[in-house]
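S.K.: I'd like to go over a predicted model; first the sequence, then the structure.
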Amino acid sequence: MCGIFAILKYNKPITPELRQLVVNLSSRQRHRGPDWSGVHITDSEIFAHERLAIVGVDSGAQPLRDDDHHVVLVVNGEIYNHVELKDHLKTPRKFTTNSDCEVLMYLFEDYGSDFLNLLRGDFAFVVSDGTRFLIARDRIGVDPLYWGKGDDGSLWVASEVKVLMDHCEDITPFPPGHYYTESSGLQRYYDPAWWDPMNVPTQPIDYTTLREALETSVVRRLMTDVPYGVLLSGGLDSSLVASIASRHVKYRIEDNEQSFAHWPRLHSFSIGLAGQSPDLVAAKKVANFLGTVHHEFTFTVQDGLDAIEQLIWHLESYDVTTIRASTPMFLMSRKIKSLGVKMVLSGEGADEIFGGYLYFYHAPTPADFHEEAVNRVKNLHTSDCLRANKSTMAWGVEPRVPFLDTDFLDVAMGFDPKEKMFGADKIEKYVLRKAFDTPDNPYLPDSVLWRQKEQFSDGVGYSWIDTLIATAETAVTDEMFEAREETFSFDPPRTKEAYYYRKIFDKMFPEKVATTVDNWVPKWGNSKDPSGRAQVFHSNHENGM
């Protein structure tokens with residue numbers, strides 16, 4: 001992944017000062033691509049790129065251009081099926097790089113916008129041939145993308161809001177699963193059968209198909225020319241990803257596992273508060289079982305508090321849940337990068353797909369359960385995808401999320417939701433656990449495979465959230481909180497903790513950026529706190545129950 005920035009339909013003079021402005025604005029997201037920077041300017045279009053080199057490291061610097069130099073491309077993301085896509089080209093091309101993204105230029109030349117459903121990957125890109133352009137974002141919104149209008153009517157696009165905020169109005173997230181051209185306008189290209197939440201599937205679950213679909217997704221994401229690892233919380237989702245990856249780490253998937261991998265040992269990473277993190281204990285158990293090279297990091301509550309302001313700058317969000325969970329991930333990513341690792345696999349998305357959040361226990365019916373799961377998946381780009389991407393990319397570490405592979409989603413969202421419901425006699429995400437319950441060739445220890453869900457902000461240590469709440473209680477007086485609607489005309493905070501984050505956010509970003517933020521709130525249950533520990537169904541680990 002990288003950072004992209006483009007200005008299209010620019011109607012002002014092209015000057016040296018403009019180029020310097022573009023360089024300066026693009027540098028605001030250079031943390032996303034610390035390996036190289038590039039700028040290309042035409043009569044009416046500007047492209048800038050901050051590169052994090054993962055595939056084709058020795059070539060592939062962007063903006064990419066074709067042999068005739070009339071097609072220009074900037075991409076943030078990975079195209080996992082780039083080799084197969086060459087077979088779809090109408091005429092053979094001479095590829096000049098080893099980049100997985102170069103094929104996008106030629107698909108655009110051959111098909112315009114009619115190739116997006118062929119792609120298997122996570123991406124946000126802008127491509128132009130000087131007479132027409134295409135903006136597109138991956139189906140779920142794994143990679144961030146924002147757009148807005150300049151004062152001359154030009155169209156500005158960037159990976160992060162901070163690039164646009166001083167020069168654009170009406171800044172919004174570019175919607176996942178959509179593309180934009182001048183002739184078509186904004187169009188949705190991703191339309192799976194499960195997208196309509198009222199279309200409740202009735203097909204029975206096939207555990208083998210579910211297991212094989214996730215395995216395919218994980219293996220697909222092992223495409224890399226640089227050191228990589230897996231984020232391992234010790235929970236079900238990250239542990240399954242680590243287990244599958246460990247079975248394929250010895251060989252390169254780029255040639256169907258015919259040659260030895262560049263880095264044939266899987267490294268795993270976990271973080272928590274020293275002496276009080278259930279995640280650290282579980283992660284160590286998984287790492288020992290899988291034989292990974294395990295790295296266990298700890299942080300103090302004060303370390304976390306010290307990072308909040310910088311974290312909010314990177315997240316571009318004031319959402320309580322996002323900040324709570326992002327802080328340990330942000331701290332861990334810095335340590336991961338210091339080890340020379342540039343890519344990590346992670347378990348985001350499983351809780352949305354399978355209704356793993358403990359508040360799903362209160363879903364009245366299977367149809368309600370399915371509707372909420374669909375809505376959660378649709379909005380991942382405002383919550384878990386945003387958190388995972390911006391927390392890690394703050395330090396130039398690329399996250400890959402196998403659960404959000406669209407082929408896997410078709411399987412996991414396509415069976416009867418009554419199979420996903422849970423209660424007193426059935427643990428959450430039972431179907432996912434059952435799919436990987438293979439005693440003859442176990443993926444995980446039973447104590448991990450059947451361990452109850454911990455949200456990341458809880459699992460790193462329960463005092464983390466308690467301290468955040470206490471800190472906000474001290475920093476935000478009752479008088480300040482009572483006047484919140486006068487202080488914040490848009491989206492006034494609901495708690496003192498939310499007020500605390502919003503004040504920091506407003507110091508860095510103009511109010512128009514607040515409209516790009518979404519708040520993560522459980523749909524069911526009596527607690528106003530989004531922590532999984534606040535849900536009635538949560539086992540009381542602190543009391544040993």
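M.R.: Cool, the structure landed.
S.K.: going forward, measure contacts and count neighbours with C-alpha atoms only.
M.R.: Will do.
S.K.: tell me the spacing between the nearest residue to residue 115 once chain neighbours are set aside and residue 65.
M.R.: Using C-alpha to C-alpha, 6 or more residues apart in numbering and skipping residues adjacent in sequence, the residue nearest residue 115 is residue 107, 6.7 Å away. Distance, residue 107 to residue 65, using C-alpha to C-alpha, to the nearest Å: 13 Å.
S.K.: list the contacts for residue 500?
M.R.: Counting by C-alpha atoms under 8 Å, 6 or more residues apart in numbering, residue 500 touches 472, 475-476.
S.K.: wait, a helix at it?
M.R.: Yes - using DSSP: H, G, I helix; E, B strand; the rest coil, the secondary structure at residue 500 is a helix.
S.K.: ok, back up a step: out of the contacts of residue 500, which are inside helices?
M.R.: 472, 475 (DSSP state H).
S.K.: for PyMOL, what selects the buried ones among the contacts of residue 500?
M.R.: Here is the PyMOL command that selects the buried residues among those (16 or more other C-alpha atoms under 10 Å):
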select buried, resi 472+476
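S.K.: ok, how many other residues are close to residue 440?
M.R.: 6 (other C-alpha atoms under 10 Å).
S.K.: could you do residue 13 as well?
M.R.: 9.
S.K.: so it versus residue 153, what's the distance?
M.R.: 14 Å.
S.K.: report the rounded mean pLDDT for stretch 298-308.
M.R.: In this model, stretch 298-308 carries a mean pLDDT of 96.
S.K.: and for stretch 329-343?
M.R.: 98.
S.K.: low-confidence ranges in the protein?
M.R.: 453-459, 461, 526-528, 530-545 (pLDDT under 70).
S.K.: in it, where's the longest helix?
M.R.: Assignment by DSSP H gives helix 320-338 as the longest helix of the chain.
S.K.: list the buried residues for that helix?
M.R.: Those would be 320-334, 336-337, for helix 320-338 by 16+ other C-alpha under 10 Å.
S.K.: go on, stretch 495-503?
M.R.: With burial defined by 16+ other C-alpha under 10 Å, the residues of stretch 495-503 counted as buried are 495-502.
S.K.: identify the residues contacting residue 167.
M.R.: 150-151.
S.K.: gap between it and residue 155?
M.R.: 11 Å.
S.K.: likewise for residue 198?
M.R.: Using C-alpha to C-alpha, one gets 35 Å for the distance from residue 198 to residue 155.
S.K.: between these two, point out the one with more neighbours.
M.R.: Comparing residue 198 with residue 155 by other C-alpha under 10 Å, the one with more neighbours is residue 155, at 17 against 12.
S.K.: and that one, what are its phi and psi?
M.R.: Dihedral pair for residue 155: phi -110, psi 120, per degrees, to the nearest 10.
S.K.: now for residue 186, how many residues are close by?
M.R.: Neighbour count of residue 186, defined by other C-alpha under 10 Å: 15.
S.K.: isn't it up against residue 179?
M.R.: Yes - using C-alpha atoms under 8 Å, residue 186 is in contact with residue 179, at 5.8 Å.
S.K.: need the contact list for residue 261.
M.R.: Going by C-alpha under 8 Å, 6+ apart, residue 261 touches 249-252.
S.K.: show me what stretch 277-290 is in contact with.
M.R.: Stretch 277-290 has contacts (C-alpha under 8 Å, 6+ apart) with 232-235, 239, 243, 246, 268, 270-272, 293-294, 296, 444-445, 448, 459-462.
S.K.: correction: the previous question concerned stretch 131-143.
M.R.: Counting by C-alpha under 8 Å, 6+ apart, 1, 76-77, 112-113, 121-128, 145, 159, 174-182, 190, 377-378, 380-381, 385-386, 389, 401, 404, 406 sit against stretch 131-143.
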